[in-house]
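*Asks:* fold the following and give me the result.
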Amino acid sequence: MTAKLSRLWTNYLARSDFLAVGIPSAAQTFLMSKPIQLKTVTLLVENLISSKLSLAAAGRRFILVLTALVWFAHSPSTRAVSPAPDGGYSNHNTAEGDDALFSLTTGNDNAAVGFQALYNNTDGRGNTANGSAALFSNTYGAGNTAIGVQALYHNTTGSLNTAIGDSAFYSNQDGEQNTAVGAYALFNGGANANTAVGGGALYYATGYDNIGLGNYAGYNLTTGSSNIDIGNQGVAGESNTIRIGTAGTQTNAFMAGIFEVVVTKSQPVYVDIKGHLGTKPSSERFKTDIKPMDKASEAILALKPITFRYKKELDPDAVPQFGLVAEDVAKVDPSLVLRDGDGKTFSVRYEAVNAMLLNEFLKEHRKVEELKKDFQATIARQQKQIQSLAASLKKQAAQIQKVGARVEANAPAPQMAVNNQ
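*Replies:* Coordinates of the predicted model:
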């Protein structure tokens, strides 16, 4: 009908007697360039052209038709998208797709796009489901966002969850405040406050407050909670653990904000062959088989301290170092060395060497103290002996003086010889 009408208009406008009516050429141009889709206008135009009315009457009618055409051309309906949105849903709900929001009753502000999206939702509000069967089982969970095929598929009453990706957070029923980004992220999850970013991240996690960042990060976690797995698949059942990177994959680690930072209340941090970080406590409550070191520390007396520099590929600056050679230490006491994953000697347990040095120092200190005591005792004895000897000498001197006095008293008087010659 539109094509026929256009041809009629073209023929009519081309007639020379039409111009005599006084229709502006601009109107001609408009009418010839606009497709006409309204049945009522089509009938008017056909009657106008086919009638035997006078040219003046035809002109007057044509002006009326032209006015109608201009109004229709600029009416809001002609500017809307085609086909027009479905609309008409109560409580600010939007649904597009077969059986989307199929079971809706009182829920409000929901948006469902895709086959059976939010299919079972009845009272839930503020949910967004974009994808086939997204939020399929939701009944009255609120504030959920599911983007992807079967994302949040089994969610029924859980709220404030975000799942983006194919089957993301698929099995959750009533967990809340979870975020799953990536295909199959948190697939079997169902607790609260978990964050999984990456394909298959936190796949089996059913605990709470877990964070998995990376492809299959935290994949092995099950019932554990409060874990952080970054680029690591985690361990089943563990809780309160941080794992960053994978042994054998990441072979170097750098962390800013540590070097040159002063920490006054601190202690050394150690790492084992599995990359496990921690400290060594000294409290008695952590220890068994406590006994004096005694002669066990004497092994360090056979150690050979050295100076050295690390190889250029390890230390381009060739800074002078002081220490021991692990292979030499192992010959003296194998318990004083650490070994790598291949069982080769790798490092010296310097903290143990320090403790042994302390024991040897204390042993020598005790010997010095004993010698000091012996020396002091000897000095005391000698002083007593000297005092005793002095007293004896004094006594002897007194006796000698007495004897001398007696001798002098008993001596005959001196006689004077007279020479009468």
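*Asks:* give me the pLDDT for Pro414.
*Replies:* Predicted confidence (pLDDT) at Pro414: the value is 66.
*Asks:* and if you look at Val45?
*Replies:* Note on Val45: pLDDT of 46.
*Asks:* and Ser77, by the same measure?
*Replies:* Here, the pLDDT recorded for Ser77 equals 45.
*Asks:* with the one 5 residues further on instead?
*Replies:* If you check Ser82, the pLDDT there is 55.
*Asks:* repeat that for Gly248.
*Replies:* 88.
*Asks:* what do you get for Asn420?
*Replies:* The model reports Asn420 with a pLDDT of 60.
*Asks:* remind me, longest helix of the protein?
*Replies:* Assignment by DSSP state H gives helix 350-410 as the longest helix of the chain.
*Asks:* and the residue nearest to Asp272 when sequence neighbours are not counted, bridged to which residues?
*Replies:* The shortest distance from Asp272 to any non-neighbouring residue, by Cβ to Cβ, 6 or more residues apart in numbering, is to Gly278 (7.9 Å). Every residue, glycine included, has its C-beta placed from N, CA and C. Residues in a beta bridge with Gly278, per DSSP bridges, are Tyr270.
*Asks:* now the longest helix of the chain: mean pLDDT?
*Replies:* Averaged across helix 350-410, pLDDT comes to 89.
*Asks:* what's the offset of it from the middle of its chain?
*Replies:* 72 Å (Cα atoms, centre = their mean, to the nearest Å).
*Asks:* doesn't Gly88 fall inside a helix?
*Replies:* No - using DSSP: H, G, I helix; E, B strand; the rest coil, the assignment for Gly88 is coil, not a helix.
*Asks:* which parts of this structure are helices?
*Replies:* If DSSP H is used as the criterion, the helices of the chain fall at 2-14, 16-19, 25-33, 39-50, 55-73, 76-79, 326-332, 350-410.
*Asks:* domain map for the chain?
*Replies:* Here the domain parsing of the chain from automatic domain parsing is 2-79, 271-402.
*Asks:* on contacts alone, who are the packing partners of the longest helix of the chain?
*Replies:* Using 3 or more Cβ pairs under 8 Å, 6 or more residues apart in numbering; DSSP states H and E as the contact test, no helix or strand touches helix 350-410.
*Asks:* burial measure for Leu160, as a count.
*Replies:* Using other Cβ atoms under 10 Å, Leu160 is surrounded by 17 other residues.
*Asks:* for Trp228, what are its contacts?
*Replies:* Quick fix: residue 228 reads Ile, not Trp. Taking Cβ atoms under 8 Å, 6 or more residues apart in numbering as the criterion, Ile228 is in contact with Asn210, Ile211, Thr241, Ile242, Arg243, Ile244.
*Asks:* could you check how far it is from Arg125?
*Replies:* For Ile228, the distance to Arg125 equals 33 Å [Cβ to Cβ, to the nearest Å].
*Asks:* go on, Phe308?
*Replies:* 71 Å.
*Asks:* so for the two, which residue has more residues nearby?
*Replies:* Ranked by neighbour count (other Cβ under 10 Å), Phe308 and Arg125 place Arg125 first, with 18 against 11.
*Asks:* pLDDT value on that one, please?
*Replies:* Note for Arg125: predicted pLDDT of 97.
*Asks:* Gly88 now?
*Replies:* pLDDT for Gly88: 71.
*Asks:* quick one, what contacts Phe102?
*Replies:* Gln116, Tyr119, Asn120 are the contacts of Phe102 under Cβ under 8 Å, 6+ apart.
*Asks:* that older thread, does the residue nearest to Asp272 really touch Phe286, like I thought?
*Replies:* No - assessed by Cβ atoms under 8 Å, Gly278 is found out of contact with Phe286, at 11.9 Å.
*Asks:* what's the neighbour count on Tyr350?
*Replies:* 13.
*Asks:* what of Asp229?
*Replies:* When neighbours are defined as other Cβ under 10 Å, Asp229 has 30 of them.
*Asks:* is it in a bridge, and if so with what?
*Replies:* Gly212, Arg243.
*Asks:* contacting residues for it?
*Replies:* For Asp229, the contact set (Cβ under 8 Å, 6+ apart) comprises Leu202, Asn210, Ile211, Gly212, Leu213, Gly214, Ala217, Gly218, Leu221, Ile242, Arg243.
*Asks:* now the residues you listed as a markdown table including neighbour count?
*Replies:* Formatted as a markdown table, those follow (neighbours: other Cβ atoms under 10 Å):
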| residue | neighbour count |
| --- | --- |
| Leu202 | 35 |
| Asn210 | 29 |
| Ile211 | 21 |
| Gly212 | 34 |
| Leu213 | 19 |
| Gly214 | 22 |
| Ala217 | 29 |
| Gly218 | 32 |
| Leu221 | 31 |
| Ile242 | 12 |
| Arg243 | 22 |
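*Asks:* farthest pair in these?
*Replies:* Pairwise distances across the contacts of Asp229 (Cβ to Cβ) peak at 14.6 Å, for the pair Leu202 and Ile242.
*Asks:* how many residues are close by Asn232?
*Replies:* Asn232: 26 surrounding residues under other Cβ under 10 Å.
*Asks:* hang on, isn't it packed against Gly248?
*Replies:* No - contact criterion Cβ under 8 Å: Asn232 and Gly248 do not qualify, at 11.6 Å.
*Asks:* just the ones of the contacts of Phe102 in strands?
*Replies:* Using DSSP state E, no member of those sits in strands.
*Asks:* need the buried ones from those selected in PyMOL.
*Replies:* Burial among the contacts of Phe102 is assessed by 16 or more other Cβ atoms under 10 Å; the matching PyMOL selection reads:
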select buried, resi 116+119+120
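*Asks:* ok, so of the contacts of Phe102, who is nearest Gln385?
*Replies:* The closest of the contacts of Phe102, once distances to Gln385 are taken by Cβ to Cβ, is Asn120, at 109.5 Å.
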